[in-house]
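Asks: Sequence below, structure please.
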Amino acid sequence: MHMLQATNILFLRQKTLIITMDEFDYIIIGAGSAGCVLTNRLIKSGKYKVLLLEAGGKDNYPWIHIPVGYYKTMHNPKTDWCFKTEPDETMENVSIPYPRGKTLGGSSSINGLLYIRGQEQDYDLWRQLGNKGWSWREVLPYFIKAEDQERGKSEYHGQGGPLSVSDQRIKLDILEVFQNAASEVGIPKVDDFNKGDNFGCGYFQVTERNGLRCSAAVGYLNPVKNDKNLKIETKCHVQKINFENNKAVSVIYFKDDKQITVKANKEILLSAGSIGSPQILQTSGVGDVDKLKSLGIEVTKDLKGVGKNLQDHLMFRPVFKVKNIKTLNKKINSVFGKLLIGLEYVLLRRGPMTMGASQLCGFAKSDESRETPNLQFHIQPISTDKLGGANLHDFHAFTPTVANIRPTSRGEINIISSDSRDNPKIKMNYLSTDEDRKVAADGIKLIRKIVMETQEFKKYEPEEYRPGAHIQEGEEIVKACSHYAQTIFHPVGTCKMGDDHEAVVSDQLKVHGIENLRVIDASIMPNITSGNTNAPTIMIAEKGADMILNS
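Replies: Just a heads-up that it's a prediction; the model follows:
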């Protein structure tokens, strides 16, 4: 409960000052979505001294807080780690930019603000795999607890929680047309994707409050950041966790030219995300023994699943030209149009500057053999040849992206050295299974059916700009679309929850074979959820905080 004030300088080595300093009850590694939730709940209990360590900086870059600012924060080294995947031989050797938040709030500060929980069956599968307490009915209270729902409290939604969830503040004719066309092919209109059954087409809700982003830092960290029991360190890179007799006891991190060791009296909570958490475990000697030894790392625990089981949602990005209807391309390309957009935001907090990464959402089945939807659409009223939204086309067009939300392909994260400041290798293997390749092609075919074969779209004379109507065969579609594919930034699974040979944590989120160490973030998902992953990550942290406080 107490904090040692003494600071002992031990020695200088290689121009780095080695310091041993304070003790805390809990050390939280990573101030992303999960880390902010944990910090809030532990501090609000009034019982503990907490240290929160974040490798990125403060969230004071103005574009973080303007919803459409993800165009300015992704791929920006101020706010994004700017990872890249390894060339992927399963998709034409393409290497994809891989944004991860480099700031308080983590990726919730740079993401597309889309609030989707997934399907009831996702969580029931986690429970069926042996993870007690993780069924839909058992996790739903944590979604509700986190939420401040603009529409009010209900059986499925909460009000007064830290995370603001709002309707979007923009409506465009092209989105209404797509929704009507989807209904024409049997995908019904819906107004709530978050009741456990998300089949249908409707508008995303977003994590905004009064037209501003509500990141995990805004919702969870800001209310407690000045508490006397909390210390927040930014721009400090965790090198490793130290162990004594398989018990996590302290953390070493780099801060400027100093190497600092801090001790945890209770637990160390690893919340560095699906890239950072396995990386830190590996540099700390927890992982596949052969891989660790090859890098000269002393092995603490042989856990072969660390870094494996990597899953993500890969989106294909077709583009369709339209006539007799406007998209946002020309408005955004125009100086006068940009001025109008800016004024609408400043005066009314509405319009394109409040947009999430997509406005309209759809969930559908790639074929009728599926029990529940395995495809997700993100409908964007813009189009571009360059990922990241720059250089919009000078014609009216839109981008109905499609993703396989239940992929069977698996990748992995592996460190390249014992220094955690060296980026790990991110090997995705996105389309390594025949099933995933078929689902990807079937997704494009379904989009074509909605846009090119419905009466609703007929009057707008749609034309397929990309990949091109001449590309019809499944493998040709996959190969062509691979060059314009993009992650939806949903890496999960690299510290898998379970009790099989690749599991890293228990259903209490404790690292197998290690005392006083939990992993609490998206990396613990055994299987990826069927949709955007930020809301499930916040739920995981809410549930993890409850476990800690009740242990």
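
Asks: Centre of the chain to stretch 210-228, how far?
Replies: 18 Å (Cα atoms, centre = their mean, to the nearest Å).

Asks: Between the two ends of it, how far is it?
Replies: Terminal residues of stretch 210-228 lie 30 Å apart, using Cα to Cα, to the nearest Å.

Asks: residue ranges with poor pLDDT in the stretch 1-150 of the chain?
Replies: Residue ranges of the stretch 1-150 of the chain with pLDDT under 70: 1-16, 19-21.

Asks: those helices in it, which residues are they?
Replies: Ranges of helices within the stretch 1-150 of the chain are 33-44, 70-73, 120-128, 136-146, based on DSSP state H, counting those that start in this stretch.

Asks: packing partners for the first one?
Replies: So that's helix 33-44. Packing partners of helix 33-44 (3 or more Cβ pairs under 8 Å, 6 or more residues apart in numbering; DSSP states H and E): strand 16-29, strand 50-53, helix 216, helix 534-549. (C-beta placed from N, C-alpha, C; glycine too.)

Asks: Break down the stretch 401-550 of the chain into its helices, ranges please.
Replies: 434-452, 455-458, 474-482, 534-549.

Asks: Need the winner for burial among those.
Replies: helix 534-549 (a mean of 24; mean count of other Cβ atoms under 10 Å).

Asks: Show residues contacting that one.
Replies: Contacts to helix 534-549, defined as Cβ atoms under 8 Å, 6 or more residues apart in numbering, come from residues 26, 33-38, 41-42, 45, 107-108, 111, 114-118, 133, 139, 142-143, 145-146, 163, 194, 207, 216, 267, 269, 271, 508-509, 518, 520-522, 524-525, 529.

Asks: Please export the C-alpha coordinates of it as CSV.
Replies: Taking C-alpha atoms only, helix 534-549 is exported to CSV below (Å, rounded to 0.1, in the frame of the first residue of the first chain):
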residue,chain,number,x,y,z
ASN,A,534,-12.7,-2.1,-29.7
ALA,A,535,-16.0,-2.6,-27.8
PRO,A,536,-15.1,-6.2,-27.0
THR,A,537,-11.6,-5.1,-25.8
ILE,A,538,-13.1,-2.6,-23.4
MET,A,539,-15.5,-5.3,-22.2
ILE,A,540,-12.6,-7.7,-21.6
ALA,A,541,-10.9,-5.0,-19.5
GLU,A,542,-14.1,-4.3,-17.5
LYS,A,543,-14.4,-8.0,-16.7
GLY,A,544,-10.7,-8.3,-16.0
ALA,A,545,-10.9,-5.4,-13.5
ASP,A,546,-13.8,-7.1,-11.7
MET,A,547,-11.7,-10.3,-11.4
ILE,A,548,-8.8,-8.3,-9.9
LEU,A,549,-11.0,-6.4,-7.4
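
Asks: Report the angle between that helix and helix 136-146.
Replies: 90 degrees (axes from the mean of the first three to the mean of the last three Cα atoms, to 10 degrees).

Asks: on that earlier part again, for the helices of the stretch 1-150 of the chain, could you give me JSON lines that also reports distance to Ser551 and mean neighbour count?
Replies: What follows is those, written out as JSON lines (distance: least, Cβ to Cβ, whole Å; neighbours: other Cβ atoms under 10 Å):
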{"stretch": "helix 33-44", "distance to Ser551": "12", "mean neighbour count": "27"}
{"stretch": "helix 70-73", "distance to Ser551": "36", "mean neighbour count": "21"}
{"stretch": "helix 120-128", "distance to Ser551": "20", "mean neighbour count": "19"}
{"stretch": "helix 136-146", "distance to Ser551": "16", "mean neighbour count": "19"}
